[in-house]
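Colleague: sequence unknown, structure follows:
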């Protein structure tokens with residue numbers, strides 16, 4: 001039989017066959033490989049050629065194993081990503097508010113290609129998340145890429161910024177005028193991406209929700225220099241909900257039952273001091289904002305601010321307002 005035009009692609013088709021169709025529970029014999037190459041690609045091949053190609057694929061790095069029942073059976077024994085790792089990635093994507101429903105489905109299909117077609121069926125996970133709260137800004141992925149490009153090249157960016165009206169319609173801030181920003185870094189907080197940037201006019205740090213930024217462009221102008229020193233690793237610990245306020249050293253007494261909450265919020269390096277048999281205190285630097293005050297108030301009697309006095313007064317005022325509203 002004359003050689004098929006696909007003959008040069010034989011080993012590539014064989015590699016794809018092994019990756020797509022085999023795993024520890026699903027294996028192929030040499031006869032099945034020969035039949036598949038002929039049926040699907042018109043490639044006629046001898047057994048000894050398959051043996052040789054399998055050995056080349058092993059040398060290339062594929063973990064191809066062989067076992068014997070009545071016949072010799074070949075399969076890919078391990079991959080770059082194991083099934084539990086892929087399941088974790090799928091769960092993260094499905095539960096992420098930042099990733100649109102459409103893009104979630106696209107990502108998961110790509111993840112499924114990282115394992116066999118048989119194991120991919122196990123990736124159809126049921127993570128119960130309200131898909132309505134997924135972001136609706138499909139361009140967010142390009143936004144992130146553009147911002148990273150600007151940071152890497154030390155350039156300013158321009159963009160338009162919107163918010164939603166009570167009719168759930170987009171409304172541009174500043175009547176649609178462009179914003180200009182000196183991007184510093186991107187951060188993730190409360191399931192949203194934020195741009196952290198420097199405003200030279202006000203000489204302060206500003207935040208923007210990336211999913212609410214549109215028409216982002218990298219400008220030719222270099223970023224303005226700034227004296228503010230920011231450690232991205234610790235920045236989000238003191239800025240709650242990306243709301244900026246005045247930074248204070250704060251001492252708070254918590255009930256022991258809240259220890260996990262505190263470590264989740266501030267990390268396991270936070271200074272924790274036993275105060276009583278049932279409480280502990282922490283000393284942290286935090287920017288006092290409405291979001292931080294709300295965070296403290298959610299714990300009720302299980303959290304007591306010891307200092308500073310300005311925060312204690314703010315909590316008293318907030319509590320009085322709520323009491324009056326619901327009286």
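Modeller: Noted; the coordinates are in hand. Model, not experiment: these values are computed from the prediction.
Colleague: ok, residue 191 - how many residues close by?
Modeller: By other Cβ atoms under 10 Å, 12 other residues sit near residue 191. Every residue, glycine included, has its C-beta placed from N, CA and C.
Colleague: and the closest residue to it other than its chain neighbours, how far is that from residue 193?
Modeller: What sits nearest to residue 191 in space, not counting adjacent residues and going by Cβ to Cβ, 6 or more residues apart in numbering, is residue 97, at 4.3 Å. Here the criterion is Cβ to Cβ, to the nearest Å. By it, residue 97 lies 10 Å from residue 193.
Colleague: Settle it for me: which of these two has more neighbours?
Modeller: residue 193 (19 against 15).
Colleague: top helix in this protein by residue count?
Modeller: The single longest helix within the chain, with elements called by DSSP state H, is helix 309-325.
Colleague: That one: how far from the chain's middle?
Modeller: 36 Å (Cα atoms, centre = their mean, to the nearest Å).
Colleague: What residues sit buried inside it?
Modeller: 311, 314, 315 (16 or more other Cβ atoms under 10 Å).
Colleague: Now stretch 192-208: average pLDDT?
Modeller: Stretch 192-208 shows an average pLDDT of 85 in the prediction.
Colleague: For the longest helix of the chain, name the packing helices and strands.
Modeller: strand 246-255, strand 279-288, helix 290-297, strand 303-307 (3 or more Cβ pairs under 8 Å, 6 or more residues apart in numbering; DSSP states H and E).
Colleague: Mind putting those into TSV with mean neighbour count, distance to residue 112 and mean pLDDT?
Modeller: Output for those, formatted as TSV (neighbours: other Cβ atoms under 10 Å; distance: least, Cβ to Cβ, whole Å; pLDDT from 0 to 100):
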stretch	mean neighbour count	distance to residue 112	mean pLDDT
strand 246-255	16	44	91
strand 279-288	17	43	91
helix 290-297	16	38	90
strand 303-307	16	45	95
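Colleague: and residue 35, which of those is closest to it?
Modeller: Among the helices and strands packed on helix 309-325, helix 290-297 comes nearest to residue 35, with 63.3 Å by Cβ to Cβ.
Colleague: Check which helices and strands the helix-or-strand element of the chain with minimal mean pLDDT is in contact with.
Modeller: Lowest mean confidence among the helices and strands of the chain (mean pLDDT, DSSP states H and E): helix 232-238, at a mean of 73. Counting by 3+ Cβ pairs under 8 Å, 6+ apart, the packing neighbours recorded for helix 232-238 are strand 179-189, strand 279-288.
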